[in-house]
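> Below is the sequence, then the predicted model.
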Amino acid sequence: MARPIWKGSITFGLVSIPIQLETAVREKTVNFNLLSKDGACRLRRKLYCPDTGKEFDYADTARGIEVAKDEYVLVDEKEIEKLKPEKGRAIEIEQFVKLEEIDPIYFDKAYYVTPADGSSKAYKLLVEAMTESGRIGLARFVMRERQNLCALRVVGEGVVLHTMHYADEVLSLEEALPGTVSKAKAPAKELQIARQLIEAMTKPLDLAEFKDDYREKLEALIQAKVKGKKTVDVFDDEEDSPIPRNINLMDALKKSLAANKPSRTAATRHPRRKSA
């Protein structure tokens with residue numbers, strides 16, 4: 001069992017339920033170290049002044065915010081400490097909402113919420129009450145010296161906590177879109193075929209089918225080198241197809257639809273027997 005990364009309680013109203021948070025997602029990536037050309041030495045970065053070349057220890061540094069070109073405001077560590085949120089141990093639910101009210105863009109990291117200190121009965125009560133209500137809880141709590149906004153939702157017989165971005169951290173899509181989008185009109189014929197293509201590409205979801213091909217090939221390369229091989233070709237020889245500048249939308253839609261239609265051989269592979 002994974003070691004809990006946070007312990008505390010969920011509170012709503014006067015109810016307090018001891019819980020703990022456990023990691024729900026473990027991202028997989030390949031991390032490289034910076035070495036000398038011959039691989040004999042791992043290189044380190046150092047703190048130095050680019051004007052004088054003088055090196056500094058971390059203890060001789062200060063925090064500052066750049067307010068103009070080469071102008072900084074220094075902030076003392078004691079001043080920062082006074083402003084940090086209190087290190088409480090409560091996830092305080094402030095309101096309940098429907099899940100569909102929250103755009104997924106606000107969700108950040110996910111954690112499993114599990115009962116602690118013999119609180120299984122109270123934990124089960126919260127799960128069943130939230131399930132019957134069809135609501136999720138919005139709460140705030142402090143973890144790693146940061147005040148987090150989070151959403152608590154029921155999954156199966158347990159609760160998942162999603163840390164969330166604050167509203168002023170999420171950029172507006174309308175500002176990112178070019179003005180030509182609102183003025184553009186989707187051609188009727190192309191729109192009809194696009195709907196058919198979506199229907200043809202719709203199937204039961206199995207996220208296990210989606211894999212990080214680059215990471216798996218990179219891991220295979222590293223494993224081959226560990227076994228003593230100097231070089232190994234694990235990548236496809238085919239070059240990436242160039243992106244066409246001009247796209248014939250109707251032609252592309254028709255070809256895509258044809259490629260996603262079930263073949264006749266698959267449909268007639270097991271013909272029904274005629275009844276006697």
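Received the coordinates, thanks. Numbers count the residues shown, from 1 in each chain.

> Would you indicate which residues of stretch 133-147 are buried?
For stretch 133-147, a neighbour-count test (16 or more other C-beta atoms under 10 Å) marks 135-143 as buried. (Glycine included, C-beta is placed from N, CA and C.)

> same deal with stretch 67-80?
Buried residues in stretch 67-80 (16+ other C-beta under 10 Å): none.

> So what touches it?
Identification of contacts with stretch 67-80 by C-beta atoms under 8 Å, 6 or more residues apart in numbering yields 62-66.

> now that stretch: how far from the chain's centre is it?
Its chain's C-alpha centre lies 32 Å from the corresponding centre of stretch 67-80 when counted by C-alpha atoms, centre = their mean, to the nearest Å.

> Could you tell me the end-to-end distance of that stretch?
18 Å (C-alpha to C-alpha, to the nearest Å).

> ok so, going back, could I get the buried residues of stretch 133-147 in CSV, plus columns for secondary structure, pLDDT and distance to residue 91?
Output for the buried residues of stretch 133-147, formatted as CSV (DSSP: H, G, I helix; E, B strand; the rest coil; pLDDT from 0 to 100; distance: C-beta to C-beta, whole Å):
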residue, secondary structure, pLDDT, distance to residue 91
135, coil, 97, 16
136, strand, 97, 13
137, strand, 97, 9
138, strand, 97, 11
139, strand, 97, 5
140, strand, 95, 8
141, strand, 95, 4
142, strand, 94, 9
143, strand, 92, 9
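
> Could you single out the nearest of the residues you listed to residue 168?
Each of those was checked against residue 168 using C-beta to C-beta; the closest is residue 140, at 15.1 Å.

> How is the chain divided into domains?
7-25+95-169, 185-201+209-238+246-267 (automatic domain parsing).

> looking at those, which one has the lowest mean pLDDT?
For the domains of the chain, the weakest mean pLDDT is recorded on domain 185-201+209-238+246-267, namely a mean of 79.

> which residues of the stretch 151-276 of the chain fall in strands?
Here the stretch 151-276 of the chain has its strands, by DSSP state E, counting those that start in this stretch, at 158-164.

> Helices of the stretch 101-250 of the chain, start to end?
Taking DSSP state H, counting those that start in this stretch as the test, the helices found in the stretch 101-250 of the chain are 120-133, 173-176, 180-183, 188-201, 213-226, 249-260.

> Now do residue 244, the pLDDT please.
Residue 244 is given a pLDDT of 52.

> you'd agree residue 17 is up against residue 123?
Yes. Applying C-beta atoms under 8 Å as the test, residue 17 and residue 123 come out as touching, 5.7 Å apart.

> and for these two, which residues touch both?
With C-beta under 8 Å, 6+ apart as the test, residue 17 and residue 123 both reach residue 115.

> Return the closest of the buried residues of stretch 133-147 with respect to residue 250.
Nearest to residue 250 out of the buried residues of stretch 133-147 is residue 136 (C-beta to C-beta; 43.0 Å).

> can you pull up the bridge partners for the closest one?
residue 97 (DSSP bridges).

> how far away is it from residue 19?
To residue 19, residue 136 is 16 Å away according to C-beta to C-beta, to the nearest Å.

> hmm, back to that, the contacts of stretch 67-80 in strands, which ones?
Members of the contacts of stretch 67-80 lying in strands (criterion: DSSP state E): 63-66.

> ok so, going back, is it possible to get CSV of the helices of the stretch 101-250 of the chain that adds distance to residue 81?
Listed next are these as CSV, based on distance: least, C-beta to C-beta, whole Å:
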stretch, distance to residue 81
helix 120-133, 34
helix 173-176, 36
helix 180-183, 47
helix 188-201, 54
helix 213-226, 40
helix 249-260, 58
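
> For residue 46, which of the ones you listed is the nearest?
The closest of those to residue 46 is helix 213-226. By C-beta to C-beta, the value is 28.4 Å.

> Out of the helices of the stretch 101-250 of the chain, which is closest to residue 159?
helix 120-133 (6.3 Å).

> The nearest residue to residue 57 once chain neighbours are set aside: what's it in contact with?
Distances taken as C-beta to C-beta, 6 or more residues apart in numbering place residue 47 nearest to residue 57, at 7.4 Å, with adjacent residues excluded. If you count contacts by C-beta under 8 Å, 6+ apart, residue 47 has them with 55-58, 61.

> How about residue 25?
By C-beta under 8 Å, 6+ apart, residue 25 lies in contact with 109-110.

> Understood, closing this out.
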